[in-house]
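A.B. asks: Let me see the structure of the following:
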Amino acid sequence: MSATESKPASILIVDDDELVLSSLRGVFSLQTDYQVVEANDPVKAIELVERTPLDIVISDFLMPQMNGIDFLKQVRRLQPDAIRLLLTGYADKENAIRAINEVGLYHYLEKPWDNQAMLMIIRNGLEEKSLRRQLFEKIGALDKLLREHDELSDRHHFLERELEMAARVQRSLLPDRMPVLDGFAFANVYRPCAALGGDFYDFNIASGGTRVLKILVSDVIGHGVQAALTTMLLKGIFQEAAGRATEPVGLLKDMNGRLHRVMPEGMYAAASVVFVEPGKSRVHVCNAGLPYPFVLRAAERRLDEIALAGTPLGLFGEGDLVQYEARGLSLEPGDVMLLGSDGIGSITDEGGEMFEDRQLRRVLSELVGADGSKVLEGLMDKAMVFGNGQPIPDDVNLIAITRN
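C.D. replies: This is a model prediction of the structure:
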């Protein structure tokens, strides 16, 4: 519904001739529902314009104290949206034409006028005013949308910069190189699916004594800022707890208790830890909710999957629900132990089949006998081909331990 339909138009008639006022009053009263205000003095009419919203102002040209053009100039200044009509005699036609530019005159009517033609002009003027107002409203709404778009764009760029800074901080928490340990070689693949990942790995090696290397592989639930912040927390807790841990079960229990006290409800981290002693063939592994580790046995040309269940870290406090089991495994020369999150297994083909369903174990069986670096390289190549080169849906985090 237009403004002219929802609310009667308000019209001001200004003329010093009572006959003109009476004639126009009668036309509007009989044929319209317009709200009509009259004035026979342009000075007093200006006072009305100052305090009364108007849709149309009809003014005579020849009036005492002020002519119609000067009066309509004041109207234009006070109510620029009001439609301005000028009543003029034939002799003043030239002045009326001049007023079109000077006061933004919508139309002029020569006396005597035709009532139906006048009403048609007024209806057209009101419709044009309504359309113009709607246009201005839409332009205003568009301007608002553009401003909001600019603000969102600025905010987006700001968040992108903040996200990149957070990603750099997170990457700086990862080890800058693989550890060096007598009798073993280490390789890894770390590929987050977004700027901020929830996967993490770290190493700790105590100074002096047996110099046991402790390895952590973890996967924090979710992605984004909260998961990334949790990986930062995880690093500090691992390094502090690993510094005094003597065996894997104790390390995971210590980490679990610390994380449970500080992590938000519903947050947790799946993890595996491995203890590796230089020069020894036996390693000790303990799992807390990650996929089972694999051992690629070079001499036997066999793939072993080490079934180790365990409660994710931080999900429960100390009690019967928190259970961890450690397994000691002998790695012979050429054997490779593979630890990792479930990211590579979640890669899917076009039919929706996951890489872990059938392909993962088959590919690893084919890679038995290769060193850790080649195992990771071949595994990633096969997984990406399986996924048809599509973006990975989850963080990929793998560590290969090769017995030299």
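
A.B. asks: got the CA coordinates for stretch 56-65 in CSV?
C.D. replies: As requested, the backbone C-alpha atoms of stretch 56-65 are provided in CSV (Å, rounded to 0.1, in the frame of the first residue of the first chain):
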residue,chain,number,x,y,z
ILE,A,56,1.2,19.7,-1.7
VAL,A,57,1.3,23.5,-1.5
ILE,A,58,-0.9,25.4,-4.0
SER,A,59,-0.1,29.1,-4.1
ASP,A,60,-1.4,32.1,-6.1
PHE,A,61,1.2,34.2,-7.9
LEU,A,62,-0.1,37.7,-7.2
MET,A,63,-0.5,38.2,-3.5
PRO,A,64,0.2,41.2,-1.1
GLN,A,65,3.4,41.2,0.9
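
A.B. asks: Tell me which residues of it come out buried.
C.D. replies: Of all the residues in stretch 56-65, those buried under the rule 16 or more other CB atoms under 10 Å are I56, V57, I58, S59, D60, F61, M63. The way it works is simple: take the backbone N, C-alpha and C, and place the C-beta from them, glycine included.

A.B. asks: ok, now stretch 188-196?
C.D. replies: N188, V189, Y190, P192, C193, A194, A195, L196.

A.B. asks: circling back: identify, from the buried residues of stretch 56-65, the entry nearest to K129.
C.D. replies: Nearest to K129 among those is I56, at 8.4 Å by CB to CB.

A.B. asks: residues in contact with the closest one?
C.D. replies: Remark: with contacts taken as CB atoms under 8 Å, 6 or more residues apart in numbering, I56 is in contact with A9, S10, I11, L12, A82, I83, R84, L85, I122, G125, L126.

A.B. asks: next one: S346
C.D. replies: Under the criterion of CB under 8 Å, 6+ apart, the contact list for S346 reads M354, F355, E356, I392, P393, D394.

A.B. asks: redo that, cut-off 10 Å
C.D. replies: S346 makes contacts with C193, M354, F355, E356, A383, G387, I392, P393, D394, D395, V396, as judged by CB atoms under 10 Å, 6 or more residues apart in numbering.

A.B. asks: what does L216 give?
C.D. replies: Neighbour list for L216: 200-204, 234-235, 237-239, 241-242, 251-252, 255, 269, 271-274, 339, 399 [criterion: CB under 10 Å, 6+ apart].

A.B. asks: for it, helix, strand, or coil?
C.D. replies: In terms of secondary structure, L216 is strand; the call rests on DSSP: H, G, I helix; E, B strand; the rest coil.

A.B. asks: Same check on G389?
C.D. replies: coil.

A.B. asks: and the least confident of the buried residues of stretch 188-196?
C.D. replies: Checking pLDDT across the buried residues of stretch 188-196, the minimum falls on A195 at 74.

A.B. asks: Can you give me the domain boundaries for this structure?
C.D. replies: Per automatic domain parsing, the domain ranges recorded for the chain read 3-137, 174-403.

A.B. asks: Filter the contacts of I56 down to just the ones in strands.
C.D. replies: Among the contacts of I56, the members falling in strands are S10, I11, L12, I83, R84, L85 (criterion: DSSP state E).

A.B. asks: Now for the third one, how many residues are close by?
C.D. replies: Taking other CB atoms under 10 Å as the criterion, the count of residues near L12 is 22.

A.B. asks: Report the contact partners of it.
C.D. replies: Shown in contact with L12 (CB under 10 Å, 6+ apart): 35-39, 45, 48-49, 52, 54-59, 75, 79, 82.

A.B. asks: Going by distance to V180, which of the buried residues of stretch 188-196 wins?
C.D. replies: When the buried residues of stretch 188-196 are compared for distance to V180, the smallest value, 14.0 Å, is given by N188; criterion: CB to CB.

A.B. asks: ok, back up a step: let's see if you can find the most crowded of the contacts of I56.
C.D. replies: With neighbours taken as other CB under 10 Å, the top of the contacts of I56 is R84, carrying 27 neighbours.
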